[in-house]
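J.: my questions concern the predicted model and sequence given below.
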Amino acid sequence: MSGIPYFEDVTPAHGTLPPRAWWRTSDAGSLDLGGTWAFRLHDRAPRDAPFRRDGFDPRAAPGWTTLRVPGHWVLQGHGAPAYTNTRYPVPVDPPRVPDENPTGDHRREFDLPATWPDHGSAVLRFDGVESCARVWLNGTDLGSFQGSRLPHEFDVGKLLRRRGNVLAVRVHQWSAGTYLEDQDMWWLPGIFREVTLLHRPPAAVSDVFVHAGYDHRDGTGTLRVDAAPGGRVSVPELGVETATGETVRMPVEPWTAETPRLYDATLRTPGETVPLRLGFRTVVVEDGLLRVNGRRVLFRGVNRHEFHPVTGRTLDVATMRRDVELMKRHHVNAVRTSHYPPHPAFLDLCDELGLWVIDECDLETHGFRHVGWRNNPVDDPRWTPALLDRARRMVERDKNHPSVVMWSLGNECGGGAGLSAMARWMRERDPGRPLHYEGDPAYPDSDVHSRMYAAHEEVDEIGGAEEPGAKPFLLCEYAHAMGNGPGGLTEYQRLFEVHPRCQGGFVWEWIDHGLLRRTADGREYFAYGGDFGEEMHDGNFVCDGLVFPDRTPSPGLTEYAKVVEPVRVTGRGGEDRELTVANLYDFADLSHLAFDWTYAVEGVEVAAGPLDVPPLRAGASGRVRLPPPPDHALGGEAWWTVTARLAADTAWAPRGHRVAWAQVPGPPAPAATAAEPAPVPAGAPRRDGTSVRLGPAVFDARTGALTALGGLPFTDPPRLDVWRAPTDNDEGGARQPGGRTAAQWRQLGLHRVHHRTDAVRLEDGGLTVRTRVAAAGTGLALRTAYRWAADGAGVRLTVTVDPEGDWPCPLPRLGVRFGLPARFGHAEWFGGGPGEGYPDACAAALLGRWRAPVDALQTPYVRPQENGARPGVRWAELRERPDGGTGVRITGAPERFWFSARRWTSEQLDAAAHTTDLTPGDTVWVHLDHAQHGLGSASCGPGVLPAHRLDPAPAVFSLRFTAQFVE
Ligand code: GAL
């Protein structure tokens, strides 16, 4: 490799110190070098013009500007971000990179603080630089390094001056390291994590390795702290005072993700005092199970990339804490740090608030797939030192975190001897943590069997197979949370609960990586691949998270929270007031929860009270009894809601935070008090010029279209509608039999059907309209009859649908849509809410009476698509005001329906690329669906399960319309 520039050198680092543990603070001084730096960008790597030793004086040289460090220059107006999934953004010719190699020169002058001691030495630490840096201090070339999400340190003691130090850093976007960093994310060069100067007193701690195990059989903790140089360790709470290298045993409370018990400790060497936090736990793979402290754990996990919509992979601690809090509040108990070690402060938070962590090495070579895996670095001995360097930098930095329960070699590198070399080194250095690797189906270097996106059926087979010596099974990625979805979470969770060997999974992924941008007129939206003029990109595949880019939880997260909630309450309801409460925690009992009940009739709360639930042990179930139903005079459906809440404040949520809930039906309403008024004799239809009148409804006599109800105009009559703006999951599914669902829909023309009216008749005391709904160019059709009958103060519509022909694919939806004037912008409904739900993603729908403006019924998926349906709706109203005014009420008669309302059509929603492409029109479009097709997870994974498919079949459904005049 000689003769090529350092950034194309497979040797990952020149001049750096050996890797070691990271700690938050110590009594030695440090200087944060973050802030405003001088900066200049080269379009091409200056191969023959070395960065001048003094780093240039920006005042004297042209082309310099300023930049915030830590930060990515492409997010600060210099160059542009680019997104690719698996394809390398450079020609695949390892380890060479193109001449067009954006290179950022960074320069910072600094003085030492007055308190900086004269004795000792100093270390300059870089916590993260993408992708390769060369560093000069006061004119001396310190060396260079690759490994973007890993720390690198230089010894700089002798070079420091009291005043006027000049630190110059040249950063290249592309390097040999790029070939090891083909993660599915934005390419974001820069010094994106902290740069710190650390004072190193004589005999300071150079490294520390805490070994803190727990024996569940007798409750004993074992502690040994290895440190260089040696020193003393004290753990006041345990009365421990010992030397480094010594082993001590004592009774302790163990650390688990559910009960993250940490003990404050101090390590003292002659030169430095470093605070430590100890968590005692033991992780093993035993009898085919991954056990912590003797127990099987179930990962309710997410894959987390570090991302912020403005600062990219530069995250402040408040944002990291927000992630952990949001995870804990949604019952996520595990994180895979896809696909690189996170900022070390994130792991501190995982220790403190309690999350199981699979810490993954900064390694992915996925793009070699496109060249038949030729020259794959993990299978080429020339790269082994670079792979080992990455393994070491991760393990050494993160080895003291109790939250880290497994190391992962990396992601999607295929197989190769380089991975085995990493695994060998890791096993030897840290025998206390099992290894994870998914990319080689033979699993030579993984202690677990790990898969991505396996379908339910396959997980069931794996879970049921009784192979001797089988490894624990994890889904390191599943349930691709792109756009609206994922569907099918409940079914996965049941499999994890049924098969001991299936120890859960990690949803792909935590956050949408949408970058905040503004339209010319100042409206904000989130940008994705292709929005920055990339020559090659993978569109919105970068937006596949459970939270939106601004960390607002998406419906997918609400659903996941419900599916994985740690307490399950079940009961038959009706006259039976018995409930079963199951504690699904792996370690915690229920003493931290307080239970309560409410009793509501048609969504109106009648009574509420506490519910006594014993502090059941982890894994135990018990029976409790609801009180007798309260007396009330209301008519309608009655439901109990039982809720478990935090009984006291925790580090991640306040007292009262909802941890689990369930609903069971109350006793049936006495007939006399039922909500629906007794039907009054139906009025006969009357022709009146060009109109037909039927009860309060007016129709166009020629077309049979409803034009008004009780004086309230319909701008568009209710008509059959089967189209939805395809979701990302509808658009995906190349691997499904039959191919991509949305492509089939478009091929059949479901987005452009015509309605042909065959008959408009006054018959059987009502109005019947017969139609044929079909798209141009196809013989397939849906024969649709609308039968209108007067019904009390309203009018009842019965829709009969008969598919004609041999339909090759499911329908998106089956229902009616109609338009109302824009002023009917307030909704109230009795049904599932408050958020959206779809057939295979509606576990989180809470039956109640909900109100929302139409604008708030929309879920702003980064790429607009079908959204906002409320499931299990008994009735819905659209009104002029939140609390009254004229409106229309639709009641399922008797079926429940899916209710959506929006200010644009499905066709406009389908055409939009970004949220700002949608502008409210003068119509409120209301959808009342008899059925919806499920969501599935086919944007990367299995499609909709058979039970949630909407296959074309004859259907009949009824809806009752009444006009409302509420003052
Ligand atoms: C996986 C990969 C992830 C991501 C995901 C799809 O194959 O490991 O990084 O690309 O697919 O979003």
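T.: Received, thanks.
J.: from now on I want contacts and neighbour counts done on CA atoms only, so please keep to that.
T.: Noted.
J.: does Ala423 sit in a helix, a strand or a coil?
T.: Of the three states, Ala423 takes helix according to DSSP: H, G, I helix; E, B strand; the rest coil.
J.: ok, now the one 4 residues further on?
T.: Of the three states, Arg427 takes helix under three-state DSSP.
J.: Provide a list of residues in contact with the most far-flung residue of the chain relative to its centre.
T.: What lies farthest from the middle of the chain is Gly689; by Cα atoms, centre = their mean that is 58.1 Å. Counting by Cα atoms under 8 Å, 6 or more residues apart in numbering, Gly689 makes contact with nothing.
J.: and it, how far is that from Cys361?
T.: 77 Å (Cα to Cα, to the nearest Å).
J.: try Leu223
T.: For Leu223 relative to Cys361 (Cα to Cα), the value is 27 Å.
J.: my read: Gly128 touches Gln146, true?
T.: No. Gly128 lies out of contact with Gln146 (Cα atoms under 8 Å); the separation is 9.6 Å.
J.: of these two, which one has the most company?
T.: Between Gly128 and Gln146, counted using other Cα atoms under 10 Å, Gln146 has the larger neighbour count: 35 against 26.
J.: how many neighbours does the closest residue to the more buried one other than its chain neighbours have?
T.: Closest residue to Gln146 apart from its sequence neighbours, by Cα to Cα, 6 or more residues apart in numbering: Cys132 at 4.5 Å. By other Cα under 10 Å, the residues close to Cys132 number 30.
J.: OK, contacts around Cys132?
T.: 7, 144-148, 171-175, 177.
J.: top of those by neighbour count?
T.: When neighbours are counted by other Cα under 10 Å, Gln146 leads the contacts of Cys132 with 35 neighbours.
J.: which ones are touching that residue?
T.: Gln146 sits next to 7, 12-13, 129-133, 175-177 when contact means Cα under 8 Å, 6+ apart.
J.: please tell me how far it sits from Leu646.
T.: Using Cα to Cα, Gln146 is found at 46 Å from Leu646.
J.: repeat that for Phe699.
T.: 55 Å.
J.: please apply the same query to Pro610.
T.: On the measure of Cα to Cα, Pro610 and Leu646 end up 13 Å apart.
J.: neighbours of the residue in the chain positioned nearest to the ligand, just the number please.
T.: Of all residues in the chain, Asp184 sits closest to the ligand, at 4.7 Å by Cα to the nearest ligand atom. By other Cα under 10 Å, the residues close to Asp184 number 20.
J.: what sits against the residue lying closest to Gly794 once chain neighbours are set aside?
T.: Using Cα to Cα, 6+ apart and skipping the chain neighbours, the partner closest in space to Gly794 is Thr962 (4.3 Å). The contact partners of Thr962, by Cα under 8 Å, 6+ apart, come to 709-710, 793-795, 888-890.
J.: is Glu605 bridged to anything, and to what?
T.: Note on Glu605: beta-bridge partners by DSSP bridges are Ala600.
J.: quick check: it touching Tyr599?
T.: Yes. Contact criterion Cα under 8 Å: Glu605 and Tyr599 qualify, at 5.8 Å.
J.: settle it for me: which of the two has more neighbours?
T.: The residue with more neighbours, out of Glu605 and Tyr599, is Tyr599; 23 against 16, by other Cα under 10 Å.
J.: how about Val563, phi and psi?
T.: The phi/psi pair for Val563 (degrees, to the nearest 10) reads phi -70, psi -40.
J.: please renumber the chain so that the first residue is 4 from this point on.
T.: Noted, 4 is the first residue going forward, which turns the last one into Val566.
J.: distance check, it against Ala85.
T.: Distance, Val566 to Ala85, by Cα to Cα: 35 Å.
J.: same thing with Leu697?
T.: Distance from Leu697 to Ala85, by Cα to Cα: 60 Å.
J.: quick check: closest non-adjacent residue to Tyr9.
T.: Ser147 (7.4 Å).
J.: any idea which element the one you found lies in?
T.: Element membership for Ser147, per DSSP states H and E: strand 143-149.
J.: pLDDT on that strand, on average?
T.: Per-residue pLDDT values over strand 143-149 give a mean of 96.
J.: of Leu226 and Cys364, who's got more company?
T.: Neighbours were counted for Leu226 and for Cys364 using other Cα under 10 Å; Cys364 has more, 27 against 23.
J.: and that one, what does it touch?
T.: Neighbour list for Cys364: 342-344, 393-394, 397, 410-413 [criterion: Cα under 8 Å, 6+ apart].
J.: counting contacts, what elements does the top helix by length along the chain pack onto?
T.: Assignment by DSSP state H gives helix 387-401 as the longest helix of the chain. The criterion is 3 or more Cα pairs under 8 Å, 6 or more residues apart in numbering; DSSP states H and E, and the helices and strands that helix 387-401 contacts are helix 347-356, helix 420-432.
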